[in-house]
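1. Structure, please.
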Amino acid sequence: MIDRAAAKLKHDGWSIVETTGFIQLIGPLWERKVGDSLEFALITQDKHHNRRGMVQGGVMMTFADRTCGMTARHVAGKQYMATVQLDTHFVEAGKIGDILISRPRVVRSTRSLVFVSTEVTVDDRCIVMANGVFKILKGPD
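-> Reported below is the predicted structural model:
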């Protein structure tokens, strides 16, 4: 199941995002560029299940947070960001084996903050809505 989903993503122009730290436990994350925008995907696996056998809400929140933050970094052209706020609404349950897709969009960008919104979808169904605020940080000197 996972191999077929990965093959489909590769065929459709997706590539695996190089990650370190906590997000490696969730991923692999996939991305592709469409015009000037980034899209992200996550193939849900057994490791993502909750007690009911559905996709754990924290996985979906982490996916929304990371994809919005990566989009904020891309648009701002800055390497270091911190999530200031993330509002998440769970619309529908995700099933193990689903491919989650996030297509974040920047709502507004200032010198210090980037506001980003996304819907996490499976096929054409919205399962999560999220709005994030990201602080642009100075890098290490």
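2. what about the biggest helix by length in the chain, distance to the chain center?
-> Longest helix in the chain, counting residues (DSSP state H): helix 57-76. On the basis of C-alpha atoms, centre = their mean, to the nearest Å, helix 57-76 is displaced by 4 Å from the centre of the chain it belongs to.
3. What of stretch 74-89?
-> Offset of stretch 74-89 from its chain centre (C-alpha atoms, centre = their mean): 11 Å.
4. Same question for stretch 134-141.
-> Here stretch 134-141 shows a centroid-to-chain-centroid distance of 21 Å under the convention C-alpha atoms, centre = their mean.
5. pLDDT averaged over it - what is it?
-> The pLDDT scores in stretch 134-141 average 83.
6. Output the helix or strand following the longest helix of the chain in CSV, but only the C-alpha positions, please.
-> Helices and strands here follow DSSP states H and E; after helix 57-76, the next one along the chain is strand 81-90. Taking Å, rounded to 0.1, in the frame of the first residue of the first chain, the C-alpha atoms of strand 81-90 are listed here in CSV:
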residue,chain,number,x,y,z
MET,A,81,10.9,30.8,11.8
ALA,A,82,8.9,30.0,14.9
THR,A,83,5.2,29.1,15.1
VAL,A,84,3.5,31.8,17.2
GLN,A,85,0.0,30.5,16.8
LEU,A,86,-1.7,27.6,15.1
ASP,A,87,-5.5,27.3,15.0
THR,A,88,-6.7,23.9,13.9
HIS,A,89,-10.2,22.7,13.1
PHE,A,90,-10.8,19.0,12.5
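7. Go through strand 81-90 and flag the buried ones.
-> 81, 86, 88 (16 or more other C-beta atoms under 10 Å). C-beta coordinates here come from the backbone N, C-alpha and C atoms, glycine included.
8. do the same with stretch 125-138
-> Across stretch 125-138, burial judged by 16+ other C-beta under 10 Å covers 127-128, 130-134, 136.
9. who does the longest helix of the chain touch, helix- and strand-wise?
-> Here helix 57-76 touches helix 23-26, strand 29-34, strand 37-43, strand 81-90, strand 99-102, strand 105-109, strand 113-122, strand 125-136, going by 3 or more C-beta pairs under 8 Å, 6 or more residues apart in numbering; DSSP states H and E.
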